[in-house]
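In: Could you look at this predicted model? Sequence included:
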Amino acid sequence: MGKNKVSVPTDTTSAIPAQFDIPENVAQEVCDWLVAELENAKMERDELTQNLVRWERLYEAKPAQKVKTFPWDGASNLEVPTIGGSVDAVHARIMNTVFGARDLWSAVVKAPEWTSVAPDIGRWLNWVGREVLHIRPVIARWLLSTIKFGTGILKEKWVRRQKKVKIKNKAGGIDSGTVDVHNGPMLTSVPLADFFLSNDALYSGDIQNCEWVGERQLYTFKQLKALEISEGYQNVDKIQSSQRSQASDLEEEIDDSVGVSISEFKDYEVWEFHCSRDIDEDGILEELRVVLHAETRTPLKVEFNPYYHQERPYTVARYMIRDNSFYGMGMCQMLDPIQTEVSSIHNRRLDNATLANTVTFSRVRGGKVGPMSWYPGMIFDVGAQGDLEAMRIGQTHPTLLPEEMNTNAIGERRTGVNDYSLGRESAAIGSRATATSTVALLKESNVKFGSVINEIREVISAVGHQTIALYQQNGLDARIYYEMFEKKNAAAIRKYLTLPEGLSRAGVLLDVPAISEVYNKDIERQTFLTLMQITQQFYGGMMQAFNVAVSPNPQIPPQLRQLATQGAIAASKLWERTLKAFDIVDASTFTPDVEKMLGVQEIGAQLNGQTGAIENTQGGEGFSVLESPPGSTGGETSGGSVQIGMEPQGAL
């Protein structure tokens, strides 16, 4: 492939001026309002915050207490990882589905003029996803949060990070400068525990038009000072002494699971809000981005929404939707009572086995018995028969295991994660299941995840469009290599990336081929092979019809010529509809213009339901498609061929 090298600006030393976009007194009022709203939101969401901590513990299969004291000290204290097993199985399954194809995105044309360049647009976007967004690990974390807690938050914004470079040159001096370690879109997964929103979004689920959404962020002081240069932050020095004093409950739960104990916190809790506010009091809301230190109510940056589309940079997915609720339902909530019951039964079963296998002894008071420390196979010295007798204090309860299995079955029905989903034979059917019935059961098990996969597909498709929108607004730099494309396609992609977002979305749709049943690579390949076979049949039939319609043989009845002509026109129209049904956008490219080839100017009444005629422009006599042709009783027509038209066209 030829390469088209394009020179790009390399100056990366400019910085954003440190200033507010709105008056500082108004900015302070907005900050005070947001801090008050945040405090109320925290209190209103306190139960959810506690649930997130509990669900994290259940996912990690950590017992609620380290040592169990009932029914005796050291009793069985296991937490069965029912939630962890189901979550991990679904996570691996969906990740393999999303990234199963070679490319994450596929550019599907919605306008025929973009047909030739759509593959290169898709190839460029997939390169950005791999090399700039590093999308796979981000999607993995986001998807895990979505499955566990029911709601996953993705954030994408344009980020520029610089570092100084000092390199010793050949002359022994030092060359210094700055380099962009990242200058492009950045995709992150926002923990649900760190994402808050106003009350009006709790039922509508609309985070784009609610009063505000807020995200908790953690920065070191050095990072905040760097943001003074790269993003124009202010007042950083004012909060230097206000480091956070403790971790959140969820952070402590995670640290305890990992085995980390932080002795001192050296970071700062900063909040980024996106809110709607009527700043100039003209009755029309402005969209603001506010970064502040909530503890001291210190504004760090207040600006109007920096994105042309004026959307907030968040995308939400739910694992299982709820009616009229922003928050979805995740595996942890579904299986919380199941894991609690299974763990309880499991521990009782182990304790029961311990009691059933424990032998105690009774001895006659005052009887002479050897040493009392006991071990298997030891010999007791007794004074008389009956001084020492064995005694069992527990018995086996065979119903505990079926009860545990039945509880697991209830959880499987709730979540749809069964033996086949986990890649093993059914415990009930075993190896007796036939291949056909196994495939049918697998297909049914996939139905449960259909809505989840479609939700994820829409989110990833939206991420692709957001990425293009960010490049449309911020331009391209040296990280975007036009060397990937032919010269003409590079120009087309450059044109596409300079279009307004609405026009670019109207021209090209971004699909996720691994998830899409239509654009899956294997299915797409099979679809085109099927179309190739049908195309051969179609053109074979068209050639036969044309042989009859335009043949100079005078022995062919005019009615047969008429039928061949109408059949060819009808077949071409039906063929174009067939191609469109296969989602071939530029179907006209593969459809012969039969009317032009036969000199037909209009489609007859029998094809479009209107009164009219098919007119032939080749000359000679003709007839209406609704009337009997001249010479219909047989023999030759005037001129020796069938002419189509209401009036004789001999003058032509």
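Out: Right, received. Where do you want to start? Numbers count the residues shown, from 1 in each chain.
In: hang on, Y307 is in a strand, isn't it?
Out: No. Assigned with DSSP: H, G, I helix; E, B strand; the rest coil, Y307 falls outside any strand and is coil.
In: count of neighbours near D280?
Out: Residues contacting D280 under the criterion other CB atoms under 10 Å number 10. Just so you know, the C-beta spots here come from the backbone N, C-alpha and C atoms, and that holds for glycine as well.
In: sec struct for it, please.
Out: For D280, the assignment made with three-state DSSP gives coil.
In: how about it, what does it touch?
Out: E286 (CB atoms under 8 Å, 6 or more residues apart in numbering).
In: chain center to stretch 219-238, what's the gap?
Out: Stretch 219-238 has its C-alpha centroid displaced from the chain centroid by 33 Å (CA atoms, centre = their mean, to the nearest Å).
In: Quick one: the strands in this protein, in order.
Out: Assigned strands in the chain, in chain order: 106-109, 151-168, 174-190, 195-197, 212-220, 267-277, 286-293, 298-304, 314-318, 359-363, 388-392, 508-511 (criterion: DSSP state E).
In: got TSV for the ones you listed, with distance to R93 too?
Out: Shown next, in TSV, are these (distance: least, CB to CB, whole Å):
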stretch	distance to R93
strand 106-109	21
strand 151-168	16
strand 174-190	19
strand 195-197	26
strand 212-220	29
strand 267-277	33
strand 286-293	37
strand 298-304	41
strand 314-318	16
strand 359-363	48
strand 388-392	47
strand 508-511	20
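In: between the ones you listed, which one is nearest to G567?
Out: Ranking the strands of the chain by proximity to G567 (CB to CB) places strand 106-109 first, at 31.1 Å.
In: Buried residues in that closest one, which are they?
Out: Neighbour-count burial for strand 106-109, with 16 or more other CB atoms under 10 Å as criterion, is recorded at 106-109.
In: May I have the strands that pair with that strand, each with its orientation?
Out: Strand pairing for strand 106-109, using DSSP bridges, gives strand 508-511 (antiparallel).
In: Excluding chain neighbours, what is closest to I410?
Out: Closest residue to I410 in three dimensions, ignoring its sequence neighbours and counting by CB to CB, 6 or more residues apart in numbering: I338, at 6.2 Å.
In: For that neighbour, give me its contacts.
Out: Contacts of I338 (CB under 8 Å, 6+ apart): 82, 407-408, 410-411, 414.
In: go on, I321?
Out: With CB under 8 Å, 6+ apart, I321 has these contacts: 328-329, 451, 455.
In: which one in the residues you listed is the model shakiest on?
Out: In terms of pLDDT, S451 ranks lowest among the contacts of I321, with 79.
In: Give the closest residue to E44 in space, chain neighbours not counted.
Out: N199 (7.5 Å).
In: related to what we said a few turns ago, show me which of the contacts of I321 are buried.
Out: So, by 16+ other CB under 10 Å, the buried ones in those are 328-329, 455.
In: Inside helices: which ones of these?
Out: E455 (DSSP state H).
In: Mind putting the contacts of I321 into a markdown table with distance to S76?
Out: What follows is the contacts of I321, written out as a markdown table (distance: CB to CB, whole Å):
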| residue | distance to S76 |
| --- | --- |
| G328 | 34 |
| M329 | 31 |
| S451 | 39 |
| E455 | 40 |
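In: Could you single out the nearest of the residues you listed to A101?
Out: E455 (18.5 Å).
In: Report the separation between the closest one and E47.
Out: As judged by CB to CB, to the nearest Å, E455 and E47 stand 25 Å apart.
In: By mean pLDDT, flag the weakest helix or strand of this structure.
Out: helix 605-608 (a mean of 44; mean pLDDT, DSSP states H and E).
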